[in-house]
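[1] Give me coordinates for this.
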Amino acid sequence: MRRSLAILVAAFVAASCGLPPMISDTGYVGTWRGGNDRVVSLVAIARAADGYRVRVDLRTDDASWVTACAWDGTCEHRVKGVPTYRYRVRSWVEPETHRLRVEFDGHGVADPGTTDHYVDEFVVQPGGMRLECSTILRNGTTYPDNARPKRTFAKVANGVAASSAELRAP
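    Next comes the predicted model:
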């Protein structure tokens, strides 16, 4: 009996080695992809002792616009290779709604007086394979629920990559 079970387990493991990793509902944690044929956005969300860490990677197909973030909450936006904005990213779970909020606080590189500040709200959709992101505040303008700019991301992995470059790998 044990030998039959061992053979069955070995056959299952051998058969599954060539399969892509299974994607499941892990809540916010994982890697998410959104965009279109010209712009790709990848969002990696990892659990942290105080909540979550969020890292964003956005780039156009010709790499003329690139935003890359690190796990420490620093981001840089470049246009045609030239840094234009630097951001600090902070995330928290809103106590009333239990939704993940992410704040981007940016300052211009050439003109530090130029600012870009916004707060996005992330909601995992039923089934855990889609993440909806809506902007609730942008540069002093608050958007009501029915008028918020929205983006949708599809889950591409349960885990998160170690670096932004790994997020871009197929």
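
[2] Could you use CA atoms for every contact and neighbour count after this?
    Noted.

[3] Tally up the residues packed near Thr114, please.
    Taking other CA atoms under 10 Å as the neighbour definition, Thr114 ends up with a count of 11.

[4] hmm, I was thinking of Tyr118
    Other residues within reach of Tyr118 by the criterion other CA under 10 Å amount to 18.

[5] got the contact list for it?
    Under the criterion of CA atoms under 8 Å, 6 or more residues apart in numbering, the contact partners of Tyr118 comprise Glu103, Phe104, Asp105, Thr135, Ile136, Leu137, Arg138, Asn139.

[6] Kindly confirm whether my reading is correct that the third one touches Arg88.
    Yes. Using CA atoms under 8 Å, Asp105 and Arg88 qualify as a contacting pair, with a distance of 5.3 Å.

[7] circling back: would you turn the contacts of Tyr118 into a markdown table with distance to Ala44, secondary structure and neighbour count?
    Rendered in a markdown table, the data for the contacts of Tyr118 read as follows (distance: CA to CA, whole Å; DSSP: H, G, I helix; E, B strand; the rest coil; neighbours: other CA atoms under 10 Å):
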| residue | distance to Ala44 | secondary structure | neighbour count |
| --- | --- | --- | --- |
| Glu103 | 15 | strand | 19 |
| Phe104 | 15 | strand | 19 |
| Asp105 | 18 | strand | 19 |
| Thr135 | 18 | strand | 23 |
| Ile136 | 20 | strand | 19 |
| Leu137 | 21 | strand | 18 |
| Arg138 | 22 | strand | 15 |
| Asn139 | 24 | coil | 11 |
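
[8] Closest to Asp145 out of those?
    When these are compared for distance to Asp145 (CA to CA), Ile136 wins out at 7.8 Å.

[9] so how far is Val79 from that closest one?
    25 Å (CA to CA, to the nearest Å).

[10] List the strands paired with the strand or helix carrying Asp116, with their directions.
    Assigned by DSSP states H and E, Asp116 belongs to strand 115-124. The strands that strand 115-124 pairs with in its sheet are strand 100-108 (antiparallel), strand 130-138 (antiparallel) (by DSSP bridges).

[11] Quick one: residues in contact with the last one.
    Taking CA under 8 Å, 6+ apart as the criterion, the residues outside strand 130-138 that touch it are 28, 32, 116-125, 142-145, 148-155.

[12] Go ahead and build a ChimeraX selection from the buried members of those.
    To isolate the buried subset of those in ChimeraX, counting by 16 or more other CA atoms under 10 Å, use the following:
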select :28,32,116,118,119,120,121,122,123,124,152,153,154,155
